[in-house]
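Q: Can you look at this prediction? I've put the sequence above it.
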Amino acid sequence: MSFSPYHPLTSIIKHILFTHTHAHAHAHTQRERESFTHTPIRASGRIIIQTSTGEDVRDGSAQSRFQVDVVTEGSPGGPGPGPGPGPVPSLSYTTDDPRPPEESRGRVRSVGFLDDIGLPPDVTHEPDTARSDTVSLHSTGTGHTHVSDTHSNTYYMRTFGHNTIDAVPNIDFYRQTAAPFGEKLTRPSLSELHDELDKEPFEEGLANGEEPSAAEEAAALAAKEAAGGAVKFGWIKGVLVRCMLNIWGVMLFIRMSWIVGQAGIGLTIGIILMATVVTTITGLSTSAIATNGFVRGGGAYYLISRSLGPEFGGSIGLIFAFANAVAVAMYVVGFAETVVEMLNDVDALMIDKLNDIRIVGTLTVILLLGISVAGMEWEAKAQIVLLVILLGAIANYFVGAFMTSEAKEPKGFFGYHTAILVENFGPDFRDEETFFSVFAIFFPAATGILAGANISGDLTDPQSAIPKGTLLAILITGITYVAVAVSAGSCLVRDATGDHNDTVSDTVNCTDAACTLGYDFSICKEGGCQYGLMNDFQAMSLVSAFGPLITAGIFSATLSSALASLVSAPKVFQALCKDNIYPGLGVFAKGYGKNNEPLRGYMLTFCIGLAFILIAELNIIAPIISNFFLASYALINFSVFHSSLASSPGWRPSFKYYNMWVSLVGAILCCVVMFVINWWAALVTLLIVLALYIYVSYKKPDVNWGSSTQALIYNQALTHCLNLTGVEDHIKNFRPQCLVLAGYPSSRPALVQLVHSFTKNVSLMVCGHIRTVSRRPNFKELSQDHARCQRWLNKKRIKAFYAPVFAENIRHGAQLLLQAVGLGRLKPNTLVMGFKNNWSKGNMRDVEIYINTIHDAFDLQFGVVILRLEEGLDISHIQGQDELLTSNEKPPGSQGTSGGNKEAQLSGSQTKDSDSDSCPSKTTSSQSSPLILREMKSPLNPNDQRLLENSLLFKKKQGKGTIDVWWLFDDGGLTLLIPYLLTNRSKWGDCRIRVFIGGKINRIDHDRRAMATLLSRFRIDFSDINVLGDINTKPKKHNKVCFKKLIEPFRLKEDDMEQEAAERIKALESWRITDNELELYKAKSNRQIRLNELLKEHSSSAKLIVMSMPLARKGTVSSALYMCWLETLSKDLPPLLLVRGNHQSVLTFYS
């Protein structure tokens, strides 16, 4: 018996095992001491906890880890004064070992959690000043019960006034195993509440079914304490500040005036609003995803991957991290260019402009790297300083706009005037600029909205911080851009000469806004002017109250954006590497320090940024970077649309201000903007995303994040299944949907591979597994077995389902599968089995079950297919489950020895079952897999070697040869359809179909032409048609003798005994062959012998023989005789497929 570390009995048991008599820390009344007394002892390794009513709770393997306690509270006439619920049942520890009374079974103690649920109304917590290992429950006589437990911090809690281990709802039950906050607790399992108390418990209280060791508990505690010192940010410092700094870029100071000059105030506002619409929709979508559950680190990658799955998430995550890394170079070069221009103005260049940019850029990125590596706290402080400078620069501009000066008028600045506003309101595109080209230049200034989401792992409450910070940042920056556009367009003219002498004269007809203010700048129409909105990129410095502060703002904008990108790229990259989407990048997943800083990611980002600073042509790479960001925005919007469309119950974002169709429009707009900015960069981006998507899809990472893709697939599958139920089956759409009785799929790979060859991408295939066990395994073992078998099928790329069932015998299990497997029209119609090799040496009751299973299939109108390989099908005693298991995942019960050949006994018998080729493996109570696991391969005997080789027969390409179809009886066409489907596969593509039919010698040509006509109408290619005119010839004598020897042990021989004895034996052993039966079916028996001779004569070299299976009338032909027919017909031949359809047409020549 074992307890969860969070179980309230844990501290008591530790106290019993490791301490002796311990006095109470508090003095209680006599009644209270009787209510709870301690007598710690050892009782032969078994702990007995006795309640005041005499019930025992034992630590025994046959008992549940939670035991019975009679509910005495609230009982009529219960002892104890006051209005309270009565005395708490007392616990005492004794050395005797009586069995618990039967009436105590079925009710168990309740479990409560002090930290998160709180105490019940009638219980108060009384902390002890001195640490003690005791637990005290005592009544105060006032209706309240005090709890003192300083050892485990857990206690017994009555659920709704009754003693039960059914736990009340608790947030810790819903945490993931690696939850960053709080502890993972496990609610009582269904088995603990439902199973019989004398049933062997199987779940130990942890999510993975294993108790942590002391070292693991200590490590988890240390990790939790270390995590407690991590720096976390709120929504202002973590999201709002970062987003505003990233959105306010150099574009605000050195390009906004030019954009206003080109597009005019009206269209500039339109451009800003268009960009804001795109970013706002993306912000709403980001908020919806971020509030649909706990958000970890990884930003855009985490949001997209958990919504759309690893394919989209992995492709976007990689290019998004790369885009941020290259963006560092872009921003740093922008800073370096400004510095070099200042140095050039004072003739202080170190070498030349290009190399000076490289030098300044390198020094700058090293400084930024140092700030980032120092930790998120230092980086956040640096961002605050930069924000203050940036806000000061913006305020400096608006203040300067009201401070007119005559010295600035020749350069185009006149202060706010209506004439200038009216003149600049309309567009004046020059130098082949258009609305969309200007929009393409401005839009990168609106990006950066994911700066806060990218550090989601460092936020105190990402679900609240990301929506508030992101949307507010979009609003503030959008208003700022509009205000700057209106301001610049209202106080600056488009062109100015800078010459004080260009004043208005009486002889010149001047109508511009500058003319009304006393200046004539008409000469600028000829070009060459250096001032005004259209010509001076430093116009905002001219307007500002203090010009150098604008330069400081430019520095702040570039450095803050570079710093944000330098932090974002490693965080996103680390999250991507942790998920192991790209196995070769796992080295960058490691984090350091209390904040789990991705130092390796920082170095990689630094190297990428430095490389582009030194060698890249940023004018070419910049459009690609913008498109990478836009691709991320498009997928975030599409994620919300897709998740809403899937209608998954798990899509419940607490942020309600989103709409799936608006998100879809946002995704489309992002794609349109990509092509508007740069069409070839958009194509490059889409090709890269597509290539990465195909790569991740091909690799199929072993992750399950509950993506909307998975939810939508479910919806579509459900919808299509329901649609199919309303449509009657048609012959043209018939497909052999196969239920394959394969047991563990890895036990009979040849059978599974052959069926998969003609069902792949065509029809349904279900690998049925009938388990006849003396003890039904628990749910955990079943789920592990199911996962292993399905994983084996997936690994072998076999498109099939695994369906296990428990039954008393094979026939009963087959009946369950035949009737229950399937959904609507996706239901098997063909039963596929292996031939029962060595049947004559086994228990004939198993043969009876095997034959009756075939009869049951025919009763349910199933077709039946039986595969026989001469060497057999079952390889479980050779191969084991090596390919099913990974190095760290063994089935329960497997054991290994140290050194030498290791064998884990997983089956009840090491020898091959006589019926192992026909039915799923029979397992005993001690197994979870039917095989002997051989970790060290030992030499195989020749028979096993051949068996192993033949198990791979249908996995390889067959080469040139024939598939011989012996279509002797018309079963509806299934015997012909299966070979046709096989020849459509590449493995069987070189094989040709030869058809053999029965006939008469005098009608051979007629029968051949009739069959050729039928096959041509069925549009089935064939290489030859053979009419067997000698099919009714008597078989050879020695073959008849062999048949007689085969049936001899199974004959009843009623003529040699009294009738009553014969009837009694026949009743007990219905499989026996009577003399009357043998005589009645003599001709049919001879036909099977003769057909075997013809098969050896005509088809001994065929790759596969597909033959009509003989039928036996139920209740008339004994199981032994029918089995002898099948044995005689199929022995000593190449791979043979016995097929019998349900005699309903599956082929048609009508269109």
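A: Structure received.

Q: Buried residues in the helix or strand that Tyr850 is a member of, which are they?
A: Per DSSP states H and E: Tyr850 is located in helix 844-859. Judged by neighbour count (16 or more other Cβ atoms under 10 Å), helix 844-859 contains these buried residues: 844, 846-858. Where C-beta positions appear, they are placed from N, C-alpha and C, glycine not excepted.

Q: What is it packed up against?
A: Other helices and strands packing on helix 844-859, by 3 or more Cβ pairs under 8 Å, 6 or more residues apart in numbering; DSSP states H and E, are helix 810-820, strand 830-834, strand 863-868, helix 1119-1130.

Q: If we use 7 Å, what do you get?
A: helix 810-820, strand 863-868, helix 1119-1130 (3 or more Cβ pairs under 7 Å, 6 or more residues apart in numbering; DSSP states H and E).

Q: if we can go back for a sec, distance to Cys671 and pLDDT added to the buried residues of helix 844-859, as a markdown table?
A: Conversion of the buried residues of helix 844-859 to a markdown table gives the following (distance: Cβ to Cβ, whole Å; pLDDT from 0 to 100):
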| residue | distance to Cys671 | pLDDT |
| --- | --- | --- |
| Met844 | 71 | 89 |
| Asp846 | 64 | 90 |
| Val847 | 66 | 91 |
| Glu848 | 67 | 90 |
| Ile849 | 62 | 92 |
| Tyr850 | 61 | 92 |
| Ile851 | 64 | 92 |
| Asn852 | 63 | 92 |
| Thr853 | 58 | 93 |
| Ile854 | 59 | 93 |
| His855 | 61 | 93 |
| Asp856 | 57 | 93 |
| Ala857 | 54 | 93 |
| Phe858 | 58 | 92 |
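
Q: before we move on, the earlier item: reformat the helices and strands packed on helix 844-859 as a markdown table; add mean pLDDT.
A: Shown next, in a markdown table, are those (pLDDT from 0 to 100):
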| stretch | mean pLDDT |
| --- | --- |
| helix 810-820 | 92 |
| strand 863-868 | 93 |
| helix 1119-1130 | 92 |
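
Q: Save the ones you listed as CSV, and put in mean neighbour count and distance to Ala1062 too.
A: Output for these, formatted as CSV (neighbours: other Cβ atoms under 10 Å; distance: least, Cβ to Cβ, whole Å):
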stretch, mean neighbour count, distance to Ala1062
helix 810-820, 19, 26
strand 863-868, 24, 32
helix 1119-1130, 23, 15
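
Q: could you redo the ones you listed as JSON lines and give each row distance to Val250?
A: Below are these laid out as JSON lines (distance: least, Cβ to Cβ, whole Å):
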{"stretch": "helix 810-820", "distance to Val250": "68"}
{"stretch": "strand 863-868", "distance to Val250": "73"}
{"stretch": "helix 1119-1130", "distance to Val250": "83"}
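
Q: returning to what we had before: quick check: angle from the helix holding Tyr850 to strand 830-834?
A: 160 degrees (axes from the mean of the first three to the mean of the last three Cα atoms, to 10 degrees).

Q: List the contacts of helix 844-859.
A: Residues outside helix 844-859 that contact it (Cβ atoms under 7 Å, 6 or more residues apart in numbering) are 809-811, 814-815, 818, 831, 836, 839, 864, 915, 918-919, 1070-1071, 1114, 1119-1120, 1122-1123.

Q: Likewise for stretch 555-565?
A: Residues from elsewhere that reach stretch 555-565, judged by Cβ under 7 Å, 6+ apart: 242, 245-246, 248-250, 252-253, 324, 327-328, 331-332, 334-335, 338, 368, 371-372, 379, 382-383, 386, 389-390, 393, 448, 451.

Q: for the stretch 851-1000 of the chain, which spans come out with low pLDDT?
A: 879-939 (pLDDT under 70).

Q: where along it do the strands fall?
A: All strands of the stretch 851-1000 of the chain, identified by DSSP state E, counting those that start in this stretch, fall at 863-868, 903-905, 932-934, 961-966, 991-998.

Q: Let's have those in a markdown table, adding distance to Leu185.
A: Formatted as a markdown table, the strands of the stretch 851-1000 of the chain follow (distance: least, Cβ to Cβ, whole Å):
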| stretch | distance to Leu185 |
| --- | --- |
| strand 863-868 | 51 |
| strand 903-905 | 33 |
| strand 932-934 | 35 |
| strand 961-966 | 60 |
| strand 991-998 | 60 |
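
Q: Select, out of these, the one closest to Ile581.
A: Within those, the stretch nearest Ile581 is strand 932-934; the backing value is 31.5 Å (Cβ to Cβ).

Q: Can you give the distance from the helix or strand containing Ala327 to the centre of its chain?
A: Element membership for Ala327 (DSSP H and E) is helix 310-345. For helix 310-345, the separation from the chain centroid amounts to 33 Å (computed by Cα atoms, centre = their mean, to the nearest Å).

Q: now swap in stretch 772-784 and tell me
A: Offset of stretch 772-784 from its chain centre (Cα atoms, centre = their mean): 25 Å.

Q: center of this structure, which residue is that?
A: The residue lying closest to the centre of the chain (Cα atoms, centre = their mean) is Asn704, at 1.2 Å.

Q: Show the contacting residues for that one.
A: Taking Cβ under 7 Å, 6+ apart as the definition, Asn704 has no contacts.

Q: Please apply the same query to Phe675.
A: Ala682.

Q: The closest residue in space to Thr1128 that isn't next to it in sequence and Val995: what is the separation?
A: With sequence-adjacent residues excluded and distances taken as Cβ to Cβ, 6 or more residues apart in numbering, Thr1128 is closest to Gln1088, at 4.8 Å. Separation of Gln1088 from Val995 (Cβ to Cβ, to the nearest Å): 20 Å.

Q: do Gln538 as well
A: For Gln538, the distance to Val995 (Cβ to Cβ) stands at 89 Å.

Q: Please apply the same query to Ile554.
A: 85 Å.

Q: and what of Met844?
A: 37 Å.

Q: same thing with Val847?
A: Taking Cβ to Cβ as the criterion, Val847 is separated from Val995 by 32 Å.

Q: and what of Lys841?
A: With Cβ to Cβ as the criterion, Lys841 and Val995 are 36 Å apart.

Q: neighbour count winner among the two?
A: Val995 (25 against 8; other Cβ atoms under 10 Å).

Q: Quick one: residues contacting the more buried one.
A: Shown in contact with Val995 (Cβ under 7 Å, 6+ apart): Val965, Trp967, Met1011, Leu1015, Phe1022, Ile1025.

Q: Same question for Lys1036.
A: With Cβ under 7 Å, 6+ apart, Lys1036 has these contacts: Glu1093.

Q: swap in Asp1007?
A: Ile997, Gly999, Val1027.

Q: Make sure Leu450 is actually in contact with Tyr301.
A: No: taking contacts as Cβ atoms under 7 Å, Leu450 lies outside contact range of Tyr301: 10.1 Å.

Q: pLDDT weak spots in the protein?
A: Within the chain, the ranges that satisfy pLDDT under 70 run 1-163, 174-184, 191, 195-231, 504-509, 615-619, 879-939.

Q: follow-up on the earlier one: angle of the helix holding Tyr850 against helix 810-820?
A: Using the same axes, to 10 degrees: helix 844-859 against helix 810-820 is 20 degrees.

Q: What are the contacting residues of stretch 300-317?
A: Residues from elsewhere that reach stretch 300-317 (Cβ under 7 Å, 6+ apart): 286, 289-290, 295-296, 320, 450, 453-454, 456, 572, 575-576, 581, 631-632, 635-636, 639, 642-643, 689, 692-693, 696-697, 701, 703, 705, 707-710.

Q: Same list, the buried residues of helix 844-859, but as CSV with distance to Gln262 please.
A: Converted to CSV, the buried residues of helix 844-859 look like this (distance: Cβ to Cβ, whole Å):
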residue, distance to Gln262
Met844, 96
Asp846, 89
Val847, 91
Glu848, 92
Ile849, 87
Tyr850, 86
Ile851, 89
Asn852, 88
Thr853, 83
Ile854, 84
His855, 87
Asp856, 83
Ala857, 79
Phe858, 83
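
Q: Closest to Gly989 out of those residues?
A: Ala857 (30.9 Å).

Q: Would you mind measuring from the closest one to Gln753?
A: Taken as Cβ to Cβ, the span from Ala857 to Gln753 is 22 Å.

Q: And Ala288, by the same measure?
A: Taking Cβ to Cβ, one finds Ala288 at 46 Å from Gln753.
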